[in-house]
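1. coords please:
(5 chains, ligands or ions: 4)
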Amino acid sequence: MAKEVIKVANLEKYYQKRHVLHEINFSIHEGEVVTLLGPSGSGKSTLIRCLNGLEPYQKGDVIFNGEKVVPTEKNWQQIRQKIGMVFQSYDLFPNLTVLENILLGPVKVQHQSREEAKVNAERLLAQVGLQDYENVYPRQLSGGQKQRIAIVRALALKPELMLFDEVTASLDPEMVRGVLNIISNLAQDSNMTMIVVTHEMNFAQQIADRVLFLEDGHILEQTKGDQFFKQPQTDRAKAFLESMDF
Amino acid sequence: MAKEVIKVANLEKYYQKRHVLHEINFSIHEGEVVTLLGPSGSGKSTLIRCLNGLEPYQKGDVIFNGEKVVPTEKNWQQIRQKIGMVFQSYDLFPNLTVLENILLGPVKVQHQSREEAKVNAERLLAQVGLQDYENVYPRQLSGGQKQRIAIVRALALKPELMLFDEVTASLDPEMVRGVLNIISNLAQDSNMTMIVVTHEMNFAQQIADRVLFLEDGHILEQTKGDQFFKQPQTDRAKAFLESMDF
Amino acid sequence: MAHSGINVLFEGRNLIRLFGGLWTTIEIAAVALILGLILGVILGVLRTFQNRLLRVILRLYLEFFRIIPTVVLLFLFYYILPKQMGLNLLANEVATLVFALWTAAEMSDIVRGALISVPQHQRESGMAIGLSRWQLYRYVLIPQAVSLELPATINLVTRVIKTTSLLMLISVMDVINVGQQVVEANNQKYPTGVFWVYGIIFVMYFAIDYPLSWWAKRMDKKRLERANG
Amino acid sequence: MGSWQIIQQSLPLFEKGFVLTLWLSFVGIIGSIIVGLICSLLKYFQVPVLGRLAAIYVEISRNTPLLVQLFFLYYAFPVFGFKLNAEMCGIVGLIFLGGSYMSEGFNGGFDGVSKTQVETGKAIGLSRLQLARYVVFPQGFTLSVPALAANIIFLIKETSIFTVIAIPELTNTALDLIGMYYRSNEYLFMLVIGYAIILIPLSIILTILEKRVRYGTFGN
Amino acid sequence: LSGCGSSSKSSSSASSTNKGQSTMQQIKKRGTIRIAVFGDLPPYGWVNKQGQRVGYDLTLARQIAKDLKVKPKFVQVNANNRVDALNSNKVDLVLANFTVTPERKQVVDFASPYMKVSVGVVSPKTKPITKASQLQGKNLIVTKGTTAENYFTSKQPNVKLLKFDSKTQQFNALKNNRGAALADDNSYLYAWVKNQPKYTVGIKSIGPKQYIAPAVKKGNKSLLNYTNKEIKTLTDKGFFKKDYNSQLKPYFGKEVTPQDIIIK
Ligand SMILES: Nc1ncnc2c1ncn2[C@@H]1O[C@H](COP(=O)(O)OP(=O)(O)OP(=O)(O)O)[C@@H](O)[C@H]1O
Ligand SMILES: Nc1ncnc2c1ncn2[C@@H]1O[C@H](COP(=O)(O)OP(=O)(O)OP(=O)(O)O)[C@@H](O)[C@H]1O
Ligand SMILES: [Mg+2]
Ligand SMILES: [Mg+2]
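-> Numbers count the residues shown, from 1 in each chain, chains lettered A, B, ... in the order given. Ligands and ions are numbered 1, 2, ... in the order given. From the prediction side, this is the model:
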């Protein structure tokens, strides 16, 4: 069996008094694609933000590559280089060009040589069809383009795990497809390990090796991808799936 | 045949130099539901904003209830009382409670008595399942709830025509259904005349008596609802429909 | 030696007089603020109208009061008004007038800024339910603008209060002027009195302005938090 | 003597006052920006003791009038053997006041950088310092430009208060001439013109700059 | 510029003075007379620690009001806005140590003088200034709008002047060594040094002998005539002698005699 990239053990998370994640346990192996589904407010974003230390958690452990993460800012900073993350809002740095956005991590954080990093960046840009945009500033791009660049920026660090949090939620419907295609390719061709939060059920169905269904901060079920969509184990998940297509 | 509620004749619209609506012609009869479809930037929002005078147009006419609208701010203010409009962003007034939001138009604009207006408002609130929220401020509501209130606010003026501009675009997926259901009911049970801009193709298919397909400010086709989705007349519309489901 | 100096405050009626001066300061600031804020709201609303001429005039008004230092405004009004326009006011009235007009100018800009930063949607939603322009301002825009602008308004208030320190220059018996009298009258007995007198004036201003600034800051922070989450 | 003659005769004095106003403003503003920046950095990096001191300084400076600050520096401090000449007092006073205003301006800019930008930076593994260097500061500075511009104008106007410590800047010059020759109309006119010459062009330049910067920032 | 002041014929000010003035009738009708006084100049016009306005000028002011059977209303002024206080009709009468000079005569009307004065220079005993020539290139402290300022500006252009708004400020500045010396009317320099043993009036008198007189707005004939009469009556009655003894004498050292100050 492939190696365990990330494992979450008994994770508990509070926002002040509010208990938003309860006893979260799961692990993901190399090459596996997990989609996190669940109603709004169920804790999906919170969970994947815990996985790269953007949110502190109050109990339990994150084990990355077999090593328990001691949750200090310094440690997380190291680990984040191995975990790519893309958010809903296409958060390119507006003060930097596309290429500078992409190179910032590899050059300044990982101390790759600029030339090497640039070659890699250009290869990735070509993959998402944006090779001509390297010297452009983010404001000159459409939403879909920005989101593709944000994915490239995360990939440029050669992460071992990618986290996607509703990356198409703020895109125009016609732009959604391009971005989802890129993630599909990543899953299928590059065999990237990833956790994907999405509301696009067709897309989820297509890429998910496994589905984690969250409600109110509990993992209600963990099911193989094809099985979940055909016959979810819990009534709640069934209701959820029904509500998603009109 | 039912009476013509609104008719648009040779409408042309520019944003400064930019020509965004070209020779728009169509009319809508009482009880008819028209959906406006088209890619992002094709001019859907601009068009329906012209219909209640939120945007000035440079040529052509809007004929409401058989009378040509003389486009002064004063006239539009009169006409807007008969045309309800709901936007993508749930624009409740944050400084007013739900009930005050709803009563503002009937009481201050139409000078209905407060009691009468309140009875009507409560009936409408019950219809959308929010009878318990009248004294709540908008910030305490979820997106879906806000959008339902916004619809009630528009209905409270007893409009003869309702305009919906992507009213579910900024809602959480699970909330979309509730809002769309309300619009469906309005179309079917109340026989409301309406123009609906949406990206939810299933929904559009379900309610549309007729589809106007817009591209680059031109009406490319006007087709019966069921026919449009089965076999659109133009290739562009076909490509559009394909891109919309993943 | 420094310790004996503080007694200058407790000689005769010195302390009471200083508070009396402070009261004059507060009175002028308060009246000017009330008049200025009301006028400012009206002007701010007018500045969002489309009328070109009106906007140019109000803009000039704003720029005039913004560019001319307050000291200069005080002298202008104190000396020129009575001579050129035959309008003769007491020093306190001149001061109140100047501060009110200045407050109105600054306030009009704050109100205008807040009004145009009420999201366009709100304006359109109001129009869509048929509100007239006046109703739109009355029920939708002004109430929202007020909460947006409150921190800036409080900051303006603290600035006006601080600037009242200039009143001494046009012979208003404000706290600083009284302070000077006290310093002068007690000079021989308390050579370090000057430190204590100015010291207590310093503390007085701080005691008035600090709570206001703190309040403004807290509201700003709350608003930021609301905007971010 | 006609008004025009009066104006002409007093021109050289006003010129001197004008130059002095400009010079004091310039030094004061540069100093304020430096002090403000230091305070903001201390706050941003939450430097233990110094950060708190800076915060206390900012509150004291922001909430007391320049006039009283100057009186202290000029009249009260020498009592205890700490004496600066008038112009130094003016400059120190202006920097004391301006430092806090500038610091607030910078803070506003830094705080204005969106939380998601900071998180994105963290997500690609930037350290605290790198985050500041590549994300927060470049964006924060542009965001703070409008506040800084307003402060610059504010500080120039505040130099008029230097008149109370006998610095012969514009206002002092005018008031002095009025005291000697009683031609208040003419001298006040000159005074207003003097400030207008400095502030109108500056205000226009800053507005243009502000627009440019704003255009450059937003649009992501 | 130095010539400007002495030769100025201030036509605009003079012409604008005819409107807006309070005649005797109006003052009587109003029941108050508005008088400009100093607030920080012991022993002439100042505020004691009880908060009362007292001093040589103030006693005179109250006497005038009393004889007019109206209430006095005091407006505190600084030296440089005494003229404008009259011209902009803020006050009816100035009793604020107002020295009669040719320039001032063109913009206000002076009544008969009630006091003699000339400019003196005070300096630290350790570094006394005894001749004007010692001041060359040094800082000399003055108050804006005083005869001292006027004298040094026009007659001693090589002396650098530090100009303040108020008496408080100027004396503080001297004590902080911001200038080598301070020039002002010699009589209150005497009063000041009496309590400041470290200082001495090194130059007792410089420039012409001058007089201090009440001033009214230019053209206010009725009040001017009245004031002239009043000064004469008071002089005859020995009022100023009494005033001197009660208000000034305690503040002056031995150097000063009543003959130096009051006019017989
Ligand atoms: N910063 C915060 N402070 C307090 N509560 C928070 C915060 N962020 C999120 N929450 C709460 O935690 C819960 C989980 O939120 P989370 O954003 O993880 O949900 P989600 O599943 O990602 O929802 P969505 O599909 O809407 O993105 C929600 O109830 C939310 O209100
Ligand atoms: N205020 C404006 N000024 C200038 N151009 C505008 C303005 N608003 C819209 N446009 C342009 O007009 C065209 C039509 O815009 P519109 O918003 O009507 O499209 P839409 O079909 O509603 O798109 P979407 O599906 O993204 O809402 C677009 O090209 C847009 O860029
Ligand atoms: Mg989420
Ligand atoms: Mg649209």
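2. was I right about residue C:204 contacting residue C:21?
-> No: the criterion here is CB atoms under 8 Å, and residue C:204 misses it with residue C:21 at 9.2 Å. The way it works is simple: take the backbone N, C-alpha and C, and place the C-beta from them, glycine included.
3. Counting neighbours, go ahead and name the busier of the two.
-> Neighbour count, other CB atoms under 10 Å in any protein chain shown: between residue C:204 and residue C:21, residue C:21 has more, with 25 against 21.
4. you'd agree the more buried one is up against residue C:179?
-> Yes: using CB under 8 Å, residue C:21 is in contact with residue C:179, at 7.0 Å.
5. where exactly do the helices run in chain C?
-> C:2-5, C:14-47, C:52-67, C:70-75, C:81-85, C:91-117, C:120-128, C:133-135, C:142-163, C:175-185, C:193-228 (DSSP state H).
6. and if you look at chain D?
-> For chain D, helices defined by DSSP H occupy the ranges D:3-44, D:48-62, D:66-71, D:86-112, D:115-123, D:128-131, D:137-158, D:170-181, D:184-217.
7. Make JSON lines from the ones you listed and add distance to chain C to it.
-> Output for the helices of chain D, formatted as JSON lines (distance: least, CB to the nearest CB, whole Å):
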{"stretch": "helix D:3-44", "distance to chain C": "10"}
{"stretch": "helix D:48-62", "distance to chain C": "6"}
{"stretch": "helix D:66-71", "distance to chain C": "4"}
{"stretch": "helix D:86-112", "distance to chain C": "7"}
{"stretch": "helix D:115-123", "distance to chain C": "5"}
{"stretch": "helix D:128-131", "distance to chain C": "17"}
{"stretch": "helix D:137-158", "distance to chain C": "4"}
{"stretch": "helix D:170-181", "distance to chain C": "6"}
{"stretch": "helix D:184-217", "distance to chain C": "4"}
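8. Which residues lie in contact with the spatially most central residue of chain A in this structure?
-> A centroid search over chain A (CA atoms, centre = their mean) returns residue A:163, at 1.6 Å, as the residue closest to the centre. Residues near residue A:163 by CB atoms under 8 Å, 6 or more residues apart in numbering or on different chains: A:48, A:51-52, A:83-86, A:194-195.
9. hmm, 10 Å instead?
-> Contact analysis of residue A:163 by CB atoms under 10 Å, 6 or more residues apart in numbering or on different chains lists A:6, A:36, A:47-49, A:51-52, A:54, A:83-87, A:154, A:194-197, D:123.
10. Tell me which of the helices of chain C lies nearest to residue E:42.
-> Across the helices of chain C, residue E:42 has its closest neighbour in helix C:175-185 (6.5 Å, CB to CB).
11. ok, and the closest non-adjacent residue to the spatially most central residue of chain D?
-> Residue closest to the mean C-alpha point of chain D, counted by CA atoms, centre = their mean, is residue D:155 at 3.6 Å. Nearest non-adjacent residue to residue D:155, counting by CB to CB, 6 or more residues apart in numbering or on different chains: residue D:98, 4.8 Å away.
12. List the contacts of the one you found.
-> D:25, D:28-36, D:61, D:66, D:105, D:151-152, D:154-155, D:158.
13. same thing but at 8 Å, please
-> D:28-29, D:31-33, D:35-36, D:151, D:155, D:158.
14. do the same with residue C:16
-> Applying CB under 8 Å, 6+ apart, the residues contacting residue C:16 are residue E:51.
15. Repeat the analysis, applying 10 Å as the threshold.
-> E:50-51.
16. Looking at the stretch 151-264 of chain E, which residue is nearest chain C?
-> residue E:195 (3.7 Å; CB to the nearest CB).
17. who in chain A is up against chain B?
-> Residues of chain A lying near chain B by CB under 10 Å from any CB of the partner chain: A:38-42, A:142-144, A:166, A:168-178, A:180-181, A:184, A:198-203, A:205-206, A:239-240, A:242-246.
18. what about residue C:23, how many residues close to it?
-> 12.
19. And the one 5 residues further on, by the same measure?
-> Here the neighbour count serves as a burial measure; for residue C:28 (other CB under 10 Å) it reads 26.
20. That one contacts residue C:74, correct?
-> No: counting by CB atoms under 10 Å, residue C:28 does not reach residue C:74; the two are 11.4 Å apart.
21. since we're on the residue lying closest to residue D:6 once chain neighbours are set aside, how many residues are nearby?
-> In space, and not counting its chain neighbours, residue D:6 is closest to residue D:186: 4.5 Å by CB to CB, 6+ apart. Neighbour count of residue D:186, defined by other CB under 10 Å: 22.
22. Which residues are in contact with residue D:186?
-> Here residue D:186 is in contact with D:1-7, D:9-10, D:174, D:177-178, E:12 (CB under 10 Å, 6+ apart).
23. tell me the two of these that are most distant?
-> It's D:2 and D:174 that sit farthest apart of the contacts of residue D:186, by CB to CB, at 18.6 Å.
24. Compare those two and say which one has the larger neighbour count.
-> residue D:174 (28 against 11).
25. pretty sure that one contacts residue D:14?
-> Yes: Residue D:174 lies in contact with residue D:14 (CB under 10 Å); the separation is 7.6 Å.
26. shared neighbours, those two?
-> Listed as contacting both residue D:174 and residue D:14 by CB under 10 Å, 6+ apart are D:187, D:190-191, D:194.
27. What is the neighbour count of residue E:192?
-> Neighbours of residue E:192 under the rule other CB under 10 Å: 23.
28. ok, it to residue E:198 distance?
-> 11 Å (CB to CB, to the nearest Å).
29. repeat for residue E:254
-> Taking CB to CB, one finds residue E:254 at 18 Å from residue E:198.
30. count of residues packed around the one residue in chain D that gets nearest to ligand 1?
-> Residue nearest to ligand 1 within chain D: residue D:115 (9.5 Å; CB to the nearest ligand atom). Close neighbours of residue D:115, defined as other CB under 10 Å, add up to 13.
31. Same check on the one 3 residues further on?
-> Using other CB under 10 Å, the number of residues around residue D:118 comes to 18.
32. still on that earlier bit, mind putting the contacts of residue D:186 into JSON lines with pLDDT and distance to ligand 1?
-> Output for those, formatted as JSON lines (pLDDT from 0 to 100; distance: CB to the nearest ligand atom, whole Å):
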{"residue": "D:1", "pLDDT": "65", "distance to ligand 1": "73"}
{"residue": "D:2", "pLDDT": "79", "distance to ligand 1": "72"}
{"residue": "D:3", "pLDDT": "82", "distance to ligand 1": "67"}
{"residue": "D:4", "pLDDT": "86", "distance to ligand 1": "68"}
{"residue": "D:5", "pLDDT": "86", "distance to ligand 1": "71"}
{"residue": "D:6", "pLDDT": "84", "distance to ligand 1": "67"}
{"residue": "D:7", "pLDDT": "87", "distance to ligand 1": "64"}
{"residue": "D:9", "pLDDT": "87", "distance to ligand 1": "69"}
{"residue": "D:10", "pLDDT": "88", "distance to ligand 1": "64"}
{"residue": "D:174", "pLDDT": "91", "distance to ligand 1": "57"}
{"residue": "D:177", "pLDDT": "88", "distance to ligand 1": "62"}
{"residue": "D:178", "pLDDT": "84", "distance to ligand 1": "61"}
{"residue": "E:12", "pLDDT": "37", "distance to ligand 1": "69"}
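33. ok, so of those residues, who is nearest chain A?
-> Looking across those and measuring by CB to the nearest CB, the closest to chain A is residue D:174, at 45.3 Å.
34. ok, for the closest one, nearest residue in space, not its chain neighbours?
-> In space, and not counting its chain neighbours, residue D:174 is closest to residue D:191: 4.0 Å by CB to CB, 6+ apart.
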